[in-house]
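Novice: okay, predicted coordinates and the sequence, questions at the end:
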Amino acid sequence: MTIEERINSVISEIKSTSEKMTVAFSGGKDSTLVAVLAREALGKEKVKLLNVCFGPYSYSRGLEIVIGLAEKLGLDLEFTAGYEEQEKIWKAGPSCNRCTKFAKFNAVLKSTTSIIATGANLSDTWGQTGIALKERLYAPIRDWTKKEIDEALEYFGIEVPRIGEAPSREGCKLKHLLKMMINPSYHGQAVAISNEILMDHLAEFSHKMANVKIIGPLSRNIALVNVSPEPPEAKKNSITKALKKTGIIETVHWVDAPIKLVISANPGIFNNEASKGWILKGRLQPEFAAPISAEWIKSRNRRLATFQVVDYVLEVNR
């Protein structure tokens, strides 16, 4: 099937699904394509974009992209807040899946009574289930690959700007907080401010990846800085200085060589090799600038539902 045939097939399905639609709009490629397809199927007046704004955990650049794309697509845009729910979830440790389900989708469901189109595709857990419609959440490109999404955007002549955080899955700073957020004004602010500082300093530096991972015990914030390719030493020094000036980051380490992460995990994860393997290689490694390994510790903290990176060790002889 050609990309034009794929597009026409989805447009036909959207028409048969609902007369009007709200698109859960993050400003990324997936939701942008869904917005275009919905517009083509139903017309501009029947499609609304809804962005869940995560307050301090949204990149300022990301909000600029969302607003700019909405104007380019000629679609109405509304915002709804979701960061308070995020903070509740992260109290028990990092969990992007729970965040998507309870913070993002619940916020959207509460904001409208119409069918909500999402950008779920084959790269997502939901997309892999093949479910088209569930609880008013609709996935029109559920069986699309990332390559097909790129081809469709090119077909429509639409370029989606990058924040510059990563090659894909950009937009949320909170995923870089790799420990429990017991105190949002300390743990949450550390990840929110540090990643904004990093992006500001790299505005004129071409890069593929840029993030600050916040790890450490609950009493101390350690910043692991990941930038690829590595910036000049003078740029690194200025970023390090700015991060330490926040007053809530005690240690800054640039990940430019292999490191071992010391990870405390709840018993369910600790006793499951598949879970530990996915966290290390699937969740963490893609966003680190150098190879990582792990030393796992069985947590005794009953409040920890997932995992927490409590420290790191340089792997000098690796």
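Specialist: That came in fine, so what should we check first? What you are looking at is a predicted structure, and each value in this text was computed from that prediction instead of being measured.

Novice: show me how this structure divides into domains.
Specialist: Listed by automatic domain parsing, the domain ranges of the chain are 3-156, 174-314.

Novice: so, low pLDDT: which residues of the stretch 1-150 of the chain?
Specialist: The model of the stretch 1-150 of the chain has pLDDT under 70 over residues 125-130.

Novice: and the helices in it?
Specialist: 3-17, 29-42, 60-73, 83-90, 96-98, 106-111, 125-129, 146-156 (DSSP state H, counting those that start in this stretch).

Novice: mean neighbour count, these: which tops it?
Specialist: Comparing the helices of the stretch 1-150 of the chain by mean neighbour count (mean count of other CB atoms under 10 Å), helix 29-42 ranks first with a mean of 24. Bear in mind the C-beta positions are built from the backbone N, C-alpha and C, glycine included.

Novice: so how far is it off the chain centroid?
Specialist: 20 Å (CA atoms, centre = their mean, to the nearest Å).

Novice: got TSV for the helices of the stretch 1-150 of the chain, with distance to Val310 too?
Specialist: Converted to TSV, these look like this (distance: least, CB to CB, whole Å):
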stretch	distance to Val310
helix 3-17	45
helix 29-42	34
helix 60-73	29
helix 83-90	16
helix 96-98	19
helix 106-111	30
helix 125-129	27
helix 146-156	34
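
Novice: looking at those, which is closest to Ala117?
Specialist: helix 29-42 (5.0 Å; CB to CB).

Novice: mind giving me the packing neighbours of the closest one?
Specialist: For helix 29-42, the helices and strands in contact under the criterion 3 or more CB pairs under 8 Å, 6 or more residues apart in numbering; DSSP states H and E are helix 3-17, strand 21-24, strand 47-53, helix 60-73, strand 116-117, helix 146-156.

Novice: now the domains of the chain as CSV including distance to Ile163?
Specialist: Converted to CSV, these look like this (distance: least, CB to CB, whole Å):
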stretch, distance to Ile163
domain 3-156, 5
domain 174-314, 7
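
Novice: of the ones you listed, which approaches Glu165 most closely?
Specialist: Here domain 174-314 is closest among the domains of the chain (CB to CB), at 5.8 Å.

Novice: closest one to Gly164 among the domains of the chain?
Specialist: Proximity to Gly164 (CB to CB) singles out domain 174-314 among the domains of the chain, at 5.9 Å.

Novice: what's the end-to-end length of the closest one?
Specialist: Separation of the first and last residues of domain 174-314 by CA to CA, to the nearest Å is 25 Å.

Novice: got a markdown table for the helices and strands packed on helix 29-42, with distance to Thr306 too?
Specialist: Converted to a markdown table, the helices and strands packed on helix 29-42 look like this (distance: least, CB to CB, whole Å):
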| stretch | distance to Thr306 |
| --- | --- |
| helix 3-17 | 35 |
| strand 21-24 | 24 |
| strand 47-53 | 21 |
| helix 60-73 | 25 |
| strand 116-117 | 27 |
| helix 146-156 | 26 |
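
Novice: Trp224 and His253 touch, don't they?
Specialist: In this structure residue 224 is Leu, not Trp. Yes. Counting by CB atoms under 8 Å, Leu224 touches His253, with 5.5 Å between them.

Novice: who touches both of the two?
Specialist: Taking CB atoms under 8 Å, 6 or more residues apart in numbering as the criterion, Leu224 and His253 both touch 259, 312.

Novice: between the two, who's got more neighbours?
Specialist: Leu224 (24 against 15; other CB atoms under 10 Å).

Novice: partners of the more buried one in the sheet?
Specialist: Lys213, His253 (DSSP bridges).
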